[in-house]
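S.K.: With the input below, show me the fold.
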Amino acid sequence: MLTTFVTVARCGSFSSAAAELGYTQSAISQQIAALEADLGLPLLSRRPVEPTPAGRRLLEHAEPLLLRLRAARADVLRAAARPGLRLLLAATPLALNPVLALRLARARREQPRLEVTLRTCGREEAGAMVAEGRADLGLADGIAAPSDPLPLPDSGPMTASGVSEEHLAVALPADHPLAGRAALRLMDLVDARWLQTPSCSLPRLRDLVGDGFPVALDYRGGDVHTVVNLVAAGHGLTLLPASAVPLSAPGVRGVPLAAPRLVHRVELLHGALPPGPAADLARVLSG
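M.R.: Presented below is the predicted three-dimensional model:
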């Protein structure tokens, strides 16, 4: 019933939800009516079809609950499944750095029959894909203090372990007054114009360093080439792992971050891993 409620609320239509879920419209109506009767509150207005205040509150709880249910189902099936040689690795855009790319190559040499599909996605989606069994392993990256775990969304029972830490660089235009420095302190740049990216979350920086870091442009994509071009064009500074700042990129410089002590961290995400190719890949990626 909860899935039906979420689908109707998203579609704004009982008939559209029925078509999506493969039910009759009457069955959809009966499920919503049963859920409303159980709670003793109307959850959807009918003309137009949209959540009531109580329905909006239920939606806030529904998605995490459904995710945990999907994660539980995937965990049970994963434990009973036969190990396969076709694996899906979900990774955030900057997670597969040179070190992890070499480890992946070593894993494939050790298992010549192993077929790995790499899918790039956001951090929340990577966690959800692993929790729901849509991906065998995940790699998520972000900025953290050395040896500190990343603040990952709660996607259900899942193991997250650090597999890589790398120095950070401040990416700034080549003609910036500070581009020639040997190193930079972040506190000297809190009032600069900043480019927010999935790998450089400015709210996260404020949590780690303090106030400041005004957003000049918010880039929601995952293409590092685009980030470098935006920096070179003067849209704002950003933090990147040192290996992601191209040495030959025109118009941009990467200056090592001296203080505070922050790193670009990558964590390996996985559920229960019985012996087999996925467990072997996880072992190699862990170094």
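
S.K.: mind checking the end-to-end distance for stretch 105-118?
M.R.: In stretch 105-118, first residue to last residue: 13 Å (Cα to Cα, to the nearest Å).

S.K.: got the buried residues for that stretch?
M.R.: In terms of neighbour count (16 or more other Cβ atoms under 10 Å), stretch 105-118 has its buried residues at 107, 111, 114, 116. From N, CA and C alone the C-beta is placed, and that goes for glycine too.

S.K.: thought the first one was touching residue 284?
M.R.: Yes - counting by Cβ atoms under 8 Å, residue 284 is a contact partner of residue 107 at 4.0 Å.

S.K.: so which pair among the buried residues of stretch 105-118 is furthest apart in space?
M.R.: 111 and 116 (9.3 Å; Cβ to Cβ).

S.K.: Find the residues that touch each one of the two.
M.R.: Residues touching both residue 111 and residue 116 by Cβ atoms under 8 Å, 6 or more residues apart in numbering: residue 281.

S.K.: how deep is residue 139 tucked in, by neighbour count?
M.R.: Using other Cβ atoms under 10 Å, residue 139 has 27 other residues around it.

S.K.: beta partners of it?
M.R.: Beta-bridge partners recorded for residue 139 (DSSP bridges): residue 91, residue 268.

S.K.: looking at it, it is touching residue 127, isn't it?
M.R.: No - using Cβ under 8 Å, residue 139 is not in contact with residue 127; the gap is 10.8 Å.

S.K.: Name the residues contacting each of the two.
M.R.: In contact with both residue 139 and residue 127: residue 269, using Cβ under 8 Å, 6+ apart.

S.K.: residues near the closest residue to residue 162 other than its chain neighbours, how many?
M.R.: Among residues not flanking residue 162 along the chain, residue 267 sits closest, at 5.5 Å (Cβ to Cβ, 6 or more residues apart in numbering). When counting by other Cβ under 10 Å, one arrives at 24 neighbours for residue 267.

S.K.: Could I get the contacting residues of residue 267?
M.R.: Here residue 267 is in contact with 139, 140, 141, 149, 150, 152, 160, 161, 162, 163 (Cβ under 8 Å, 6+ apart).

S.K.: Mean confidence (pLDDT) on stretch 179-187, please.
M.R.: The average of the pLDDT scores along stretch 179-187 is 93.

S.K.: re the thing from before, and of the contacts of residue 267, the nearest to residue 42?
M.R.: Closest to residue 42, out of all of those and judged by Cβ to Cβ, is residue 152, at 36.0 Å.

S.K.: Any idea how many residues pack against the closest one?
M.R.: So residue 152, with other Cβ under 10 Å, has 17 neighbours.

S.K.: Repeat that for residue 157.
M.R.: So residue 157, with other Cβ under 10 Å, has 12 neighbours.
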